[in-house]
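Engineer: After the sequence you'll find the predicted model.
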Amino acid sequence: MATNQSTHNKPFFFNYFQSLSQTPHRLRKRMLATWTPDQELNRIRLRSGADMKRKLKWFDLVALGVGGMLGVGVFVTTGNVARNTTGPSVFISYIVAGISALLSSLCYTEFSVQVPVAGGAFSYLRVTFGEFVGYFAGANILMEYVLSNAAVARSFTEYLCSAFGVSDPNSWRVEVHGLLQGYNKLDFIAVAVVLLLTLCLSHSTKESSMLNLIMTIFHIVFFGFIIIASFYNGNVNNLVKPKGLAPYGVRGVLDGAAI
């Protein structure tokens, strides 16, 4: 019995190591392989199966786009960037970032017309530069979503503590001994927020779109309130005092735009 099993295993291991030895060749062959827009579109449709029923209206799509652009990160990072990176020239950083976002949106518009599939940047780059570049971009986008959402969720705990008059947000977090200092605070409130929003998004496209529409409207109203209040209560002397408009120079302005 043992002899027969060993005999059967030999071809398996031989084929396995033979396939493994061909990995560099296959990688070189596939990493630069590209798809035409028609091939990409037909391939996605074939995998998707029957067309889903379209329930989203034009205002739902507009709210999704606006909600994606007006991220809550602006409430988290603006003060820190203005204080430590740009100084009063933070508004110039916003202008630079806005121009960059406009150019990026024009590129996305052109790609979405030529390749009307749901793959986004992954599909666009795979069609243009090959599968390896598409995979690399997709992995980076996924990591960006995970890290940014985690940071925003932790900031939600800080704002919640501030609303309840708690000065130290770490008092609402659980300290785990044995982990590195600064990484040993577990934020279960942030985890609960992420899980709640994930369940809402997974429940129904229509309901989650309605929630996004409501939150986007509040977002726009709040932005408008901040802009009007800033113009009304602002002081132009703050733009040049105490260290000038751009105390950190051009590099600080560009770093602020990147953030």
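Structural biologist: Happy to help now that I have it.

Engineer: any idea how far the nearest residue to residue 121 once chain neighbours are set aside lies from residue 185?
Structural biologist: Leaving out its chain neighbours, the residue that sits closest to residue 121 by Cβ to Cβ, 6 or more residues apart in numbering is residue 137, at 5.3 Å. (C-beta placed from N, C-alpha, C; glycine too.) Look at residue 137 and residue 185: by Cβ to Cβ, to the nearest Å, they are 32 Å apart.

Engineer: I'd like the average pLDDT over the helix or strand harbouring residue 138.
Structural biologist: Residue 138 is part of helix 131-163 when elements are defined by DSSP states H and E. The average pLDDT for helix 131-163 rounds to 85.

Engineer: With stretch 98-108 instead?
Structural biologist: On average, stretch 98-108 scores 87.

Engineer: Run through who's touching that stretch.
Structural biologist: 69, 121, 124, 257 (Cβ atoms under 8 Å, 6 or more residues apart in numbering).

Engineer: Please, a PyMOL command that selects the buried ones among those?
Structural biologist: The PyMOL selection below is limited to those of these classed as buried (16 or more other Cβ atoms under 10 Å):
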select buried, resi 121+124+257
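
Engineer: Residue 130: neighbouring residues, count only.
Structural biologist: 16 (other Cβ atoms under 10 Å).

Engineer: wait, it sits on residue 33?
Structural biologist: Yes. With contacts counted by Cβ atoms under 8 Å, residue 130 reaches residue 33, the gap being 5.7 Å.

Engineer: okay, now the closest residue to residue 60 other than its chain neighbours: neighbour count?
Structural biologist: Closest residue to residue 60 apart from its sequence neighbours, by Cβ to Cβ, 6+ apart: residue 209 at 4.5 Å. By the criterion of other Cβ under 10 Å, residue 209 has 20 neighbours.

Engineer: Contacts only, for residue 209.
Structural biologist: With contact taken as Cβ under 8 Å, 6+ apart, residue 209 is in contact with 56, 60, 63, 64.

Engineer: One more: residue 205?
Structural biologist: By Cβ under 8 Å, 6+ apart, residue 205 lies in contact with 55, 56.

Engineer: returning to what we had before: give me the buried subset of the contacts of residue 209.
Structural biologist: Buried by 16+ other Cβ under 10 Å: 60, 63, 64, out of the contacts of residue 209.

Engineer: Tell me how many other residues surround the closest residue to the last one other than its chain neighbours.
Structural biologist: Which is residue 64. In space, and not counting its chain neighbours, residue 64 is closest to residue 212: 6.1 Å by Cβ to Cβ, 6+ apart. Look at residue 212: counted by other Cβ under 10 Å, it has 19 neighbours.

Engineer: So, low pLDDT: which residues of the stretch 1-150 of the chain?
Structural biologist: Low-confidence segments of the stretch 1-150 of the chain (pLDDT under 70): 1-10, 12, 32, 37, 40-41, 44-52, 71-73.

Engineer: Do a quick rundown of the helices in it.
Structural biologist: In order along the chain, the stretch 1-150 of the chain carries the following helices (DSSP state H, counting those that start in this stretch): 2-21, 23-31, 37-48, 58-69, 73-81, 90-114, 121-129, 131-163.

Engineer: Could you point out which of these sits nearest residue 221?
Structural biologist: Among the helices of the stretch 1-150 of the chain, the nearest to residue 221 by Cβ to Cβ is helix 58-69 (12.3 Å).

Engineer: With just CA atoms, put that closest one into PDB.
Structural biologist: The C-alpha trace of helix 58-69 is given here as PDB (Å, rounded to 0.1, in the frame of the first residue of the first chain):
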ATOM      1  CA  TRP A  58     -29.100  60.200 -11.500                       C
ATOM      2  CA  PHE A  59     -29.200  62.000  -8.100                       C
ATOM      3  CA  ASP A  60     -28.000  58.700  -6.400                       C
ATOM      4  CA  LEU A  61     -25.000  58.600  -8.700                       C
ATOM      5  CA  VAL A  62     -24.200  62.300  -8.200                       C
ATOM      6  CA  ALA A  63     -24.400  61.800  -4.500                       C
ATOM      7  CA  LEU A  64     -22.000  58.800  -4.700                       C
ATOM      8  CA  GLY A  65     -19.500  60.900  -6.700                       C
ATOM      9  CA  VAL A  66     -19.800  64.000  -4.500                       C
ATOM     10  CA  GLY A  67     -19.700  61.900  -1.300                       C
ATOM     11  CA  GLY A  68     -16.500  60.200  -2.600                       C
ATOM     12  CA  MET A  69     -14.800  63.500  -3.300                       C
END
